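Visitor: Fold the following, please.
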Amino acid sequence: MAQHSGGKTRRRGEALEHALLDAAWDELQAAGYAGLTMEAVADRAGTSRAVLYRRWRNRPDLVIAAIRRRRPLLSGEIPDTGSLRGDVLALLHRMSSRIAEIGPETVYGLLGDYLSDAGLFARSQEQVLHISAEVMETILKRAADRGEARADVQRRIATLPTDLFRNELFRSRIPPSEGTLAEIVDDVFLPLARPR
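Guide: Modelled structure (predicted):
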């Protein structure tokens, strides 16, 4: 790290990015999504707005990056419980608990910003759909190797559990109940994914 003449440590690269994302997360917890500003995050991080804007174009991009660092919905080890049902339920439970930690107010604030910006929405959809497809394809491949699932499950069916989870979240404004998660898996997904 470089030193300023005043002796202050100047952060660079990954250390700076982590400090900025930590500041954004802390500001999100303190002010909520609606109250979070780039200026407040910069102040909290002890830097300038220009430093933030060089990395993230706007508030939604910054908040998504902070969430991905702290509480990404689909990150971590892909569940491997030994059964297709168990794996998908474990994934949906993880998503549910992380939504609860992030807070519905943040989710809906982000959604409002994304819906008002076509470019932002397209980028977000592409990333979310790509990640959920990769995770579900891994779960389904393991299930197919065990004889629990077809090897040729279409992507639209593969992502059905995560897609229906998001739909329930947007309809009810809270993470789906345990009963709803079981219905998504047992009544909708498994009949479509199991061998014919």
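Visitor: Could you list the buried residues of stretch 85-97?
Guide: Judged by neighbour count (16 or more other CB atoms under 10 Å), stretch 85-97 contains these buried residues: 85, 87-92, 94-96. Every C-beta, even on glycine, is put in place using the N, C-alpha and C of the backbone.
Visitor: what does stretch 132-146 give?
Guide: 132, 135-136, 139-140, 142-144.
Visitor: and if you look at stretch 112-124?
Guide: Judged by neighbour count (16+ other CB under 10 Å), stretch 112-124 contains these buried residues: 113-114, 120, 124.
Visitor: Please name the residues that touch Leu181.
Guide: 89, 92-93, 96, 165 (CB atoms under 8 Å, 6 or more residues apart in numbering).
Visitor: Please repeat the previous calculation with a cut-off of 10 Å.
Guide: 88-89, 91-93, 95-96, 161, 164-165, 168, 175 (CB atoms under 10 Å, 6 or more residues apart in numbering).
Visitor: Which two among the buried residues of stretch 132-146 are spaced furthest apart?
Guide: Ser132 and Ala144 (18.1 Å; CB to CB).
Visitor: right, and Arg196 touches Arg150 too?
Guide: Yes - if you go by CB atoms under 10 Å, Arg196 and Arg150 touch, sitting 7.0 Å apart.
Visitor: Pick out whichever of those two has more residues nearby.
Guide: Ranked by neighbour count (other CB atoms under 10 Å), Arg196 and Arg150 place Arg150 first, with 15 against 3.
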